[in-house]
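# model the following, please.
(one chain, ligands or ions: 1)
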Amino acid sequence: FDDRDGFIWMDGQMLPWREAKVHVLTHGLHYASSVFEGERAYNGQVFKLAEHSQRLIRSAGLLGFALPYDRATLDQATDAVLQANGVRDGYVRPVAWRGSEMMGVSARHNRIHVAIACWAWPSYFDADARMAGLRLTVSKWHRPAPETAPTQSKAAGLYMISTLSKHAAEDEGWDDALMLDHRGQVAEASAANIFLVIDGALHTPTPECFLDGITRQTVIELAREMGLSVTERAIDPSEFARASEVFLTGTAAEVTPVRQIGDWHFTPGAVCQQVIAAYDRAVGK
Ligand code: PMP
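Have a look, this model is predicted:
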């Protein structure tokens, strides 16, 4: 991914892709003092850009560092990097990290770096293809308690759990992993939030120990506008037995139905279809 043409915005400059590098003694690499975002551009416009830039700033704050750029500057840099790369439908990856001035757990004076990359990434699956649904297995890894880690931060360190879960699932032939939380309640998939349809109403776990996804918030709003009932609450995994439909939400996943979680089976149907259509409309597809 590092050897290609294109441009990456880094620390205020537009650099050729191959020159956007960090030193091996970067604090972010050794101690996970790094936060990032995942955004999607539709037709040249990042969906919910202000929310994503704001979350990057908040994520860094939760790890104790302040970005040297405000939201408006991040928004402008994002637009500039999309333009420089000629990307209209794509993925945007901002990342911020502590630099290499000091090596040790304490590195409060290290320079804070920010980079924004993007690449073409059209939404591959149309609504019909997505209705086939994903197959998930339940991960042995649980999301940590909010007292254990800054769970509202989109912090690189927290993705150790996601990568372990995703790899274990893929090794066994599943599409993705469902992670439970520290209490054994339903949390989220490796990079997406989860919704259950029970008796025609939506239920989704309260985001206490995982990211309150921007897509999740959007879907809750859209669903309520459509007259669907949405309840945020603790959800026990045994409740999957009562769910008729299940779907995931995320910037990359958009709205993706699930057809199986372990021994539980679901049939993506009218509610999934309705939510996908509403989300596609909202992003301007
Ligand atoms: N949880 C995790 C672990 C994620 O990586 C993501 C994707 N950013 C989400 C949830 C969904 O968040 P969003 O809708 O803001 O993309």
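# my read: R4 touches N85, true?
No: contact criterion Cβ atoms under 8 Å: R4 and N85 do not qualify, at 10.5 Å. Every C-beta, even on glycine, is put in place using the N, C-alpha and C of the backbone.
# and those two? Which one has more around it.
Between R4 and N85, N85 has the larger neighbour count (other Cβ atoms under 10 Å), namely 20 against 8.
# can you verify S123 is assigned to a helix?
No: counting by DSSP: H, G, I helix; E, B strand; the rest coil, S123 is not part of a helix but coil.
# so what pLDDT did it get?
If you check S123, the pLDDT there is 74.
# how about the residues of the stretch 1-150 of the chain by the ligand?
By Cβ under 6 Å from any ligand atom, the residues of the stretch 1-150 of the chain that approach the ligand are G38.
# what ranges do the helices span in the stretch 1-150 of the chain?
Taking DSSP state H, counting those that start in this stretch as the test, the helices found in the stretch 1-150 of the chain are 27-31, 49-62, 71-85, 127-130.
# can you redo those as JSON lines with mean pLDDT?
Output for those, formatted as JSON lines (pLDDT from 0 to 100):
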{"stretch": "helix 27-31", "mean pLDDT": "98"}
{"stretch": "helix 49-62", "mean pLDDT": "98"}
{"stretch": "helix 71-85", "mean pLDDT": "98"}
{"stretch": "helix 127-130", "mean pLDDT": "83"}
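# what does the stretch 151-285 of the chain put close to the ligand?
Applying Cβ under 6 Å from any ligand atom, we find that the stretch 151-285 of the chain lies next to the ligand at 162, 188, 191-193, 210-211, 213-216, 249-251.
# buried ones in the helix or strand of the chain with the lowest mean pLDDT?
Every helix and strand of the chain was ranked by mean pLDDT, DSSP states H and E. The lowest is helix 127-130, at a mean of 83. Buried residues in helix 127-130, counting neighbours by 16 or more other Cβ atoms under 10 Å, are found at 127, 130.
# off-centre distance for that helix?
Relative to the centre of its chain, helix 127-130 is centred 21 Å away, using Cα atoms, centre = their mean, to the nearest Å.
# show me what it is packed against.
Packing partners of helix 127-130 (3 or more Cβ pairs under 8 Å, 6 or more residues apart in numbering; DSSP states H and E): strand 254-261, helix 270-283.
# which residues touch stretch 55-70?
12, 33, 35-37, 71, 74, 77, 94, 96, 98, 108, 112, 114, 150, 152-155, 214 (Cβ atoms under 8 Å, 6 or more residues apart in numbering).
# can you give me the neighbour number for E239?
E239, neighbours per other Cβ under 10 Å, totals 15.
# what do you get for G173?
The burial count assigned to G173 is 8, neighbours taken as other Cβ under 10 Å.
# one step back: and the residues of the stretch 151-285 of the chain next to the ligand, which two are furthest apart?
Farthest apart among these by Cβ to Cβ are S162 and I214. That separation is 17.1 Å.
# isn't V230 right up against L202?
Yes: the pair V230 and L202 passes the contact test of Cβ under 8 Å, sitting 4.5 Å apart.
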